[in-house]
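Asks: Output the structure for:
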Amino acid sequence: MVHLLRKYQQSLLIAVTVLVIASFIWYWNGTQSGRAGLAGSPKIASIYGQNISQNDIQRDVRKFQIAAALGLDELVQGLAGNATSQQQVLENYIWNSYVFQHEADTLQVFPTDSEVQKEYSRVPAFQTDGNFDPNKLTEFVNNVLPSRGFNDAVIDDLLREQVRVRKVKALLAASVDITPAELLNRYIEENQKMNISVVRLNLSDLENGITVTDDAVKKDYDAHKDTYLSEEQRKVAVASFELSDAQKKLKGKERTEALQKVADDAGVLAEALAAKGADFDALAKKQGGQLKTTGFFTAAKPDPAIADIPALGTAAFHLSSDAPSSDVIEGPDGYYLLHLVGSIPSRQVSLEEARPEIVAKIKKEQASQLLQTKANELRTRILLELKAGHSFADAAKDAGAQVEAIPPFNLMDISKKTDVPDLQVFIQPAVALADGQLSDFVPTEAGGLLIYMNGRQTMDKLGVAIASQAVKEQFARQQQLGAFIEWLRLRKDAAHLQIVQRSS
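Replies: This next block holds a predicted model:
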């Protein structure tokens with residue numbers, strides 16, 4: 001069952017990453033992309049004896065953005081591997097790119113020019129009504145690539161790599177065999193609806209009854225004094241190059257052209273700010289940027305002036321006295337540059353300042369221990385009632401608990417069910433249950449729960465057999481992808497990747 005959950009988690013992460021790439025891209029390229037070469041490009045890592053610089057990383061990040069924008073899912077998903085976070089998707093893609101290129105070269109897997117040209121007709125970004133549209137290709141080359149620092153050759157490179165990924169997966173497919181029984185079981189696992197009930201236990205109910213003494217607060221503070229710190233604060237000036245209200249309503253080519261104009265203006269300012277001692281306000285006004293200054297804010301709570309664009313708040317905390325101005329930051333309706341106006345460093349807080357945090361922490365720790373004990377006792381009582389022949393609803397009621405029935409669902413429904421609290425947390429232990437089985441205590445953010453498997457939908461065997469054959473190709477692709485990811489992981493382990501420092 002677990003492999004199915006991982007499969008869905010990965011596809012969801014890829015989709016989310018494409019949407020929010022701008023907000024976490026700063027982890028790698030900081031605020032100095034486009035100007036890093038002026039101050040030197042420090043070594044970030046080495047692989048296969050090749051040194052990787054910050055400039056290399058920044059270039060790879062921009063190539064990832066282009067691959068995502070083109071919709072090259074086969075390339076992105078293959079190189080992203082079994083990522084479990086947005087950040088890991090990007091990191092995996094970058095390092096796996098080096099590994100894959102090296103290994104594909106070793107295997108002598110090289111696409112022909114005709115295969116690459118054929119791949120153009122499959123690119124989602126170049127489609128109109130299901131057919132290749134050369135106008136969309138031209139528009140992408142003219143309006144998207146320049147702002148990423150590439151020409152049309154990068155599309156050839158990315159499509160060539162996608163074809164290579166497909167070819168290597170085909171080579172590995174020889175080791176992938178799907179038996180009829182496995183195919184049948186996989187189809188049932190994904191499509192058979194489960195009927196479960198849960199009993200929720202809330203942490204807050206126990207926290208409210210806990211009293212924390214002054215001695216306990218002081219003891220905790222003395223033991224962990226160094227960890228009680230105020231949040232660092234930043235204050236920045238923002239130069240905005242945004243579409244007008246009328247331009248925000250534009251669609252298609254007209255909107256792209258309008259965005260390119262403001263992007264060009266922002267780019268000119270970024271270049272001007274590379275000069276030593278550059279006056280941010282004066283240069284921003286000269287270039288036509290709209291200026292505003294935030295108040296002091298923390299990373300967790302950005303100033304209202306920039307809160308709508310998460311990338312701005314993130315970028316603000318990558319600025320420094322040595323590099324006070326950011327590069328261009330993309331938003332939904334324009335482009336922005338930041339300049340550090342002031343900062344308040346983190347400091348150790350006093351006992352009284354730390355008291356609310358300490359009290360909350362102690363309450364949560366004690367409540368968690370009590371909750372685990374309460375859950376174990378409740379589970380034991382319910383099991384005894386079930387053994388006596390009572391239904392789960394009656395057993396839970398007799399034990400003093402309230403049952404919540406979850407509407408029947410299958411694994412294919414997971415991404416659609418947003419109305420069930422903690423579903424992503426308890427789905428894995430739920431699918432592992434046999435009919436009529438009660439789970440162990442499953443912790444959640446709000447407390448925890450017990451899960452009971454009422455039963456699974458009966459599926460028509462003939463219908464399942466026919467349907468499973470219909471999706472055989474889909475399952476084969478999934479297994480091939482899994483084999484490819486595992487092969488790439490093993491080859492990466494053998495590549496002796498050494499990360500010297502994180503980019504800043």
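Asks: pLDDT wise, what is residue 474 at?
Replies: Residue 474 carries a pLDDT value of 68.
Asks: where are the low-confidence patches of the protein?
Replies: 1-42, 175-180, 182-185, 415-418, 460-474, 501-504 (pLDDT under 70).
Asks: According to the record, where do the domains of it fall?
Replies: The chain breaks down into these domains under automatic domain parsing: 2-177+475-499, 193-223+351-456, 233-344.
Asks: so which of those gets nearest residue 186?
Replies: Comparison of the domains of the chain against residue 186 by CB to CB identifies domain 2-177+475-499 as nearest, at 5.6 Å. C-beta coordinates here come from the backbone N, C-alpha and C atoms, glycine included.
Asks: how close does the residue nearest the centre of the chain sit to residue 310?
Replies: The residue lying closest to the centre of the chain (CA atoms, centre = their mean) is residue 86, at 2.2 Å. Taking CB to CB, to the nearest Å as the measure, residue 86 falls 12 Å from residue 310.
Asks: same deal with residue 167?
Replies: 38 Å.
Asks: Same question for residue 354.
Replies: Applying CB to CB to residue 354 and residue 310 gives a distance of 28 Å.
Asks: where do the strands sit along the stretch 51-200 of the chain?
Replies: 127-128, 131-132, 194-202 (DSSP state E, counting those that start in this stretch).
Asks: and those, which is most packed in?
Replies: Ranked by mean neighbour count, the strands of the stretch 51-200 of the chain are led by strand 194-202 with a mean of 19 (mean count of other CB atoms under 10 Å).
Asks: all helices of the stretch 201-350 of the chain, in order?
Replies: Assigned by DSSP state H, counting those that start in this stretch, the helices in the stretch 201-350 of the chain fall at 203-207, 214-223, 252-272, 280-286, 310-316.
Asks: gap between the residue in the chain sticking out farthest from the centre and residue 381?
Replies: No residue in the chain sits farther from the centre than residue 388, which is 46.9 Å out by CA atoms, centre = their mean. Relative to residue 381, residue 388 is positioned 11 Å away (CB to CB).
Asks: what do you get for residue 310?
Replies: According to CB to CB, residue 310 stands 46 Å off from residue 381.
Asks: What of residue 136?
Replies: 64 Å.
Asks: now do residue 328
Replies: From residue 328 to residue 381 the distance is 62 Å (CB to CB).
Asks: out of these two, which sits in the busier spot?
Replies: residue 328 (21 against 16; other CB atoms under 10 Å).
Asks: Once you drop chain neighbours, what's closest to the more buried one?
Replies: residue 266 (4.7 Å; CB to CB, 6 or more residues apart in numbering).
Asks: Give me the neighbour count for that neighbour.
Replies: Residue 266: 26 neighbours (other CB under 10 Å).
Asks: give the contact list for it.
Replies: Each residue near residue 266 by CB atoms under 8 Å, 6 or more residues apart in numbering is listed here: 239, 241, 287, 289, 328, 334, 335, 336, 337.
Asks: Relative to residue 441, which of those residues is nearest.
Replies: Closest approach to residue 441 among these (CB to CB): residue 336, at 47.1 Å.
Asks: contacting residues around the closest residue to that closest one other than its chain neighbours?
Replies: Among residues not flanking residue 336 along the chain, residue 329 sits closest, at 4.7 Å (CB to CB, 6+ apart). Residues in contact with residue 329 (CB under 8 Å, 6+ apart) are 22, 309, 311, 312, 315, 335, 336, 337, 338.
Asks: Likewise for residue 272?
Replies: Contacts of residue 272 (CB under 8 Å, 6+ apart): 278, 283, 287.
Asks: Can you flag the buried ones in these?
Replies: Listed as buried from the contacts of residue 272 are 283, 287; burial here means 16 or more other CB atoms under 10 Å.
Asks: got the contacts of residue 272 as TSV, with distance to residue 97 columns?
Replies: What follows is those, written out as TSV (distance: CB to CB, whole Å):
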residue	distance to residue 97
278	35
283	36
287	35
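Asks: now stretch 235-253: how far from the chain's centre is it?
Replies: Put simply, stretch 235-253 sits 26 Å off its chain's centre (CA atoms, centre = their mean, to the nearest Å).
Asks: Contacts for it next, please.
Replies: Contacts for stretch 235-253 (CB under 8 Å, 6+ apart): 139, 255, 258-259, 262-263, 265-266, 269, 280-281, 284, 287-297, 305-306, 312, 316, 319, 331, 333-343.
Asks: Report the buried members of those residues.
Replies: 139, 255, 258-259, 262-263, 265-266, 269, 280, 284, 287, 289, 294, 297, 305-306, 312, 316, 319, 331, 333-341, 343.
Asks: Tell me the helices and strands packed up against the lengthiest helix in the chain.
Replies: Secondary structure of the chain read by DSSP state H shows that its longest helix is helix 351-387. In terms of contacts (3 or more CB pairs under 8 Å, 6 or more residues apart in numbering; DSSP states H and E), helix 351-387 is packed against strand 194-202, helix 203-207, helix 214-223, helix 392-398, strand 447-456.
Asks: For residue 411, find the nearest of these.
Replies: Closest among those, using CB to CB: strand 194-202, at 8.8 Å.
Asks: Contacts for that closest one next, please.
Replies: 371, 374-375, 378, 382, 392-393, 396, 401-406, 408-410, 426, 430-431, 433, 441, 446-457.
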